[in-house]
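S.K.: Take a look and give me a structure for this.
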Amino acid sequence: MLWENLTVKQFEKAVVSTNRMCVLPIGCLEKHGDHLPLGTDMMIARAIAEKAAELEPCIIFPYYVFGQVSEVRHHPGTVALSSDLQMRLLNETVTEIRRNGFDKIVLANGHGGNNNWLKYFVQTMLDERKDYVVYSYDLWELTTHQLQHLENHFETPENYGHADHMETSEIMHIDPSLVYMDKLNPGEWNPTGRGRWLTEENVAAGIHWYMEYPNQIAGDPSLSTAEYGKTYIEFCAANFAKTIKRIKEDETVLKLQTEFFDLCDSVSKIR
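M.R.: Okay, the predicted model is just below:
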């Protein structure tokens, strides 16, 4: 169920029927090579969430594109908010989702640059007492069996990363009119090697992605097909639907979170 498509009365019923579960797909606006749209991550996240909701009902929050994408500010079309505003905006958003009746909120991540940020964000939910739980979930994870199925049924490249075979195939399935394969620049997706030593030494630096992939494409997309994209999305949606079901049915996380806050309060009462 799409939040924006519901009437007020439909919304009220949906909050209860989904066991107060809301999914917030989150992506970004950034370059995906010269052949894919800026909103690729958001489109894929939304498509997976919608497909998952067909299998396990939940309410899906409207498009949210304000992800962590500071490392792509050198390309036109990128929208990179300051880090403090990103945190405040997402915090205000989940607070409003809670005010509308949901106590289980899943940040459905469709952008690799959000990985560390969203995990940190859910940790900050412990800063103050809350009567709801915020979860983060990376939408692209597949099982070993699913990955083997793709390898067995499709011709695939060796490397993946960004604007690659996976994402290109998914957009081919979602809307082929948005894919421009004639704009591919062979070899542009190969790492430059300038940041290899950072990886070798297990060192992190904000500029690392730019050092290796300044053109915002990593992994060969030339073998992409809409059928591969359809299968990948279906696998991701099936996995996410199982996760949604478990979160909807679970009462332990919120109970233990409340217990945690009670213990935090008791510290100040030590005599």
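S.K.: So which elements touch the lengthiest helix in the chain?
M.R.: As assigned by DSSP state H, the longest helix anywhere in the chain is helix 226-249. Secondary-structure packing of helix 226-249 (3 or more C-beta pairs under 8 Å, 6 or more residues apart in numbering; DSSP states H and E): strand 21-26, helix 40-55, strand 104-109, strand 133-138, helix 144-153, helix 165-174. Where you see a C-beta, it was placed from the backbone N, CA and C, and this is true even at glycine.
S.K.: Now the third one - C-alpha only, PDB.
M.R.: The C-alpha coordinates for strand 104-109 follow below in PDB (Å, rounded to 0.1, in the frame of the first residue of the first chain):
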ATOM      1  CA  LYS A 104       7.800  -0.500  13.400                       C
ATOM      2  CA  ILE A 105       9.700   1.500  10.800                       C
ATOM      3  CA  VAL A 106      12.100  -0.100   8.300                       C
ATOM      4  CA  LEU A 107      14.600   2.000   6.400                       C
ATOM      5  CA  ALA A 108      14.800   0.000   3.100                       C
ATOM      6  CA  ASN A 109      18.200   0.900   1.700                       C
END
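S.K.: in its sheet, what does that strand sit against?
M.R.: The pairing partners recorded for strand 104-109 under DSSP bridges are strand 21-26 (parallel), strand 133-138 (parallel).
S.K.: and it, how far from the chain's centre?
M.R.: Its chain's C-alpha centre and that of strand 104-109 lie 9 Å apart, by C-alpha atoms, centre = their mean, to the nearest Å.
S.K.: just the fifth one next, same as before
M.R.: Offset of helix 144-153 from its chain centre (C-alpha atoms, centre = their mean): 22 Å.
S.K.: repeat for stretch 107-116
M.R.: Relative to its parent chain, stretch 107-116 has a centroid offset of 4 Å by C-alpha atoms, centre = their mean.
S.K.: Do me a favour and get the end-to-end distance for that stretch?
M.R.: 13 Å (C-alpha to C-alpha, to the nearest Å).
S.K.: cool, stretch 213-223 as well?
M.R.: End-to-end distance (C-alpha to C-alpha), stretch 213-223: 20 Å.
S.K.: what sits up against that stretch?
M.R.: Residues outside stretch 213-223 that contact it (C-beta atoms under 8 Å, 6 or more residues apart in numbering) are 30-35, 72, 74-75, 154-168, 181, 184-186, 188-189, 191-192, 212.
S.K.: for the longest helix of the chain, what is the average pLDDT?
M.R.: The predicted model assigns helix 226-249 a mean pLDDT of 98.
S.K.: just to revisit the earlier point, quick one: closest of the helices and strands packed on helix 226-249 to Glu234.
M.R.: helix 40-55 (6.7 Å; C-beta to C-beta).
S.K.: what comes up buried for the closest one?
M.R.: By neighbour count on 16 or more other C-beta atoms under 10 Å, the buried set for helix 40-55 is 40-53.
S.K.: Can you lay out those as CSV showing distance to Asn116 and pLDDT?
M.R.: Shown next, in CSV, are the buried residues of helix 40-55 (distance: C-beta to C-beta, whole Å; pLDDT from 0 to 100):
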residue, distance to Asn116, pLDDT
Thr40, 20, 97
Asp41, 16, 97
Met42, 19, 97
Met43, 23, 97
Ile44, 20, 98
Ala45, 17, 98
Arg46, 22, 97
Ala47, 24, 98
Ile48, 21, 98
Ala49, 21, 98
Glu50, 26, 98
Lys51, 26, 98
Ala52, 24, 98
Ala53, 27, 97
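S.K.: Any idea which residue is closest to the centre of the protein?
M.R.: By C-alpha atoms, centre = their mean, the chain has its centre lying nearest to Asn109, at 1.2 Å.
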